[in-house]
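In: the sequence and its predicted three-dimensional model are supplied below.
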Amino acid sequence: MNNFSFLSSDPLSDMIASFQDSTFRLSGPTYSSLMVMGIVLILAIIVGIQAHFHDPMKPSKGLLGLAEGFIDWLQNWTRNIMGHEPGNWPGYFFCLFVYLFLAFIWSITGLPSIIDMIVLPLALSLVMFVLIQFTAIRSKKFGYFHRYIEPIPLFLPINLVTMWTPIISTTLRMFGNCIAGSVVIGLVNYALKSVSISVFSFMAQGYANPMDSPAAIWFSPIVIGVLNLYFGLFSGYIQTLVFASLNGVWIGQEMPEDNPMGTQTQAVRAPLNK
């Protein structure tokens, strides 16, 4: 474990090199993802401890109050998106919202971006796919497999290909939107640096690469900061909401009408006739 490639953004080459020379390597986005998961875990532990010692007769404050308000919102959001009673699903969406939003805005810290590496959007899409198929099998049992030969068995190959489209579409949508923001920021940064070098050319004298000189830093920081806030905060929130909504809609389509996951149908005694 003596070779860490924190700034690397190519996890595949890192993994292959690890097998070749028996050294432990993780790419920069993977480190960032582990940090985000650590933050989520720490916040969950803090909220859990606060909830354990909290007096239920008193109003919640601080982080616990924020968590309870967010859970209440998630209960209603899950019910509306999935079309069923939420059951245990708000717990999944809670983790998804928090992790994905932090992953989108993580580049603001200056550390390697998470979602710009296509492996991570793919991993989230695979989790969604597994949950969709698990819910369908759980609710429809062996009738689940009949869908692949509808309307006639001749459609089996087409239906099998269609089954994988949620993974491809959500992965490319998330990755494309994120990488587009990075490209826009990179192009604007390069243009502003070029203008700054032209204006303050006397400060670039003696540098082999003018982009590394003090002349290149005058115009870009404020504009790039604003763009980072937009693509990180606003765009990150929109992309998180879209991905979570697709999760909810597709999973909700596979759920039975009377027994959503994590709940049981309550027996109600018929009223006595008078």
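Out: Received the coordinates, thanks.

In: pLDDT below threshold where in this structure?
Out: 1-26, 212, 257-274 (pLDDT under 70).

In: quick check, central residue of it?
Out: Leu100 (2.8 Å; CA atoms, centre = their mean).

In: do I have it right that that one meets Leu124?
Out: Yes - counting by CB atoms under 8 Å, Leu100 does reach Leu124; the two are 7.1 Å apart. Backbone N, C-alpha and C define where each C-beta goes, glycine included.

In: which of the residues in the helix or strand where Ala103 lies are buried?
Out: Element membership of Ala103 [criterion: DSSP states H and E] is helix 89-105. Buried residues in helix 89-105, defined by neighbour count with 16 or more other CB atoms under 10 Å: 89-90, 92-94, 96-105.

In: next SSE downstream of it?
Out: Taking DSSP H and E, what comes next after helix 89-105 is helix 119-140.

In: residues making contact with that following helix?
Out: 11-12, 29, 33, 92, 96, 100, 103, 114-115, 144, 164, 166-168, 170-171, 174-175, 178, 243, 246-247, 250-251, 254-256, 259, 261 (CB atoms under 8 Å, 6 or more residues apart in numbering).

In: and if we set it to 6 Å?
Out: 11, 114, 144, 166-167, 170-171, 174-175, 247, 250-251, 254-256 (CB atoms under 6 Å, 6 or more residues apart in numbering).

In: and the helix or strand that that helix is followed by, what's buried?
Out: Next helix or strand after helix 119-140 toward the C-terminus (DSSP H and E): helix 156-163. For helix 156-163, a neighbour-count test (16+ other CB under 10 Å) marks nothing as buried.
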